[in-house]
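Colleague: this is a predicted model, with the sequence first.
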Amino acid sequence: MAVKITRISQTRKGRFALFAGEKFLFSVDDETYVTRRLAEGMVLDEAELDELRQCSETRKAIAKAFEYVSLRDHAAGELYEKLSRKFDAQSCRAAVEKMKALDLLNDHAFALHRAKYLMAQGKSRRAVQQALAQKGIARETAAEVLAEVYAEAQSQGEDPEMQALRSLIEKSYARKLQQGRIEQVMAALYRRGFPAAAVRAAVREYQEQANQQEDF
């Protein structure tokens, strides 16, 4: 079924709204409007209308992708997930591929930045790996990044897991340990993804320090 565009008006956001009689069809971006030479009186069939709508939607998704990556690093999976809240799958895929082609997406750089941030927040290695997976980071990339981050910390004489455990115990579990609720604290730390050996060592260390303070 052919549709005649009877009116084209510019919106407040700079897009061009297409009408067939009094019926609003959809709006297109300025690039689509110019390159497709849209004009009042033009007749388009359904296939042409669908293709026009998809073209404009994809350009809109690409513009939004540029906006996202200009603010901070994004992984491909994370960018796709954010775009999918506003756009269809085809437009999201096209936008992500465009960002990849322009070398604006770097899963390794994003994962490295995110892993360091989460570690500083007291997350366990397993919790960090799960968080990266939720952002669309491939398991191999996540493992590579975590190995890099932990190797760097350990080369400086630091154990990220123990640092995180000390911080968590001091901030969230010290009172419970003072009350003798040791098993409950250890179970909570296990659920956070910390290795059993590290949990036992951190709890023992805290207790020893607490006993030394009591002696004084």
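Modeller: Sure, I can see it. Numbering: from 1, shown residues only.
Colleague: convert the C-alpha atoms of whatever helix or strand Glu183 lives in to CSV, please.
Modeller: Counting by DSSP states H and E, the element that carries Glu183 is helix 182-191. C-alpha atoms of helix 182-191 as CSV (Å, rounded to 0.1, in the frame of the first residue of the first chain):
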residue,chain,number,x,y,z
ILE,A,182,32.8,-15.8,64.0
GLU,A,183,31.0,-18.5,61.9
GLN,A,184,28.3,-16.0,60.8
VAL,A,185,31.0,-13.5,59.7
MET,A,186,32.9,-16.2,57.8
ALA,A,187,29.8,-17.4,56.1
ALA,A,188,29.0,-13.9,55.0
LEU,A,189,32.5,-13.4,53.5
TYR,A,190,32.3,-16.7,51.7
ARG,A,191,29.0,-15.6,50.1
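Colleague: so which elements touch it?
Modeller: Packing partners of helix 182-191 (3 or more CB pairs under 8 Å, 6 or more residues apart in numbering; DSSP states H and E): helix 174-178, helix 196-215. (C-beta placed from N, C-alpha, C; glycine too.)
Colleague: show me where the protein has helices.
Modeller: 30-35, 46-71, 76-83, 89-101, 107-120, 125-134, 139-155, 160-168, 174-178, 182-191, 196-215 (DSSP state H).
Colleague: want to try a markdown table for those, with distance to Thr11 as columns?
Modeller: Compiled in a markdown table, the helices of the chain are given as follows (distance: least, CB to CB, whole Å):
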| stretch | distance to Thr11 |
| --- | --- |
| helix 30-35 | 11 |
| helix 46-71 | 12 |
| helix 76-83 | 21 |
| helix 89-101 | 19 |
| helix 107-120 | 34 |
| helix 125-134 | 36 |
| helix 139-155 | 41 |
| helix 160-168 | 50 |
| helix 174-178 | 58 |
| helix 182-191 | 51 |
| helix 196-215 | 57 |
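Colleague: any idea which of the ones you listed gets closest to Gln10?
Modeller: With CB to CB as the criterion, Gln10 lies closest to helix 30-35 of these, at 8.7 Å.
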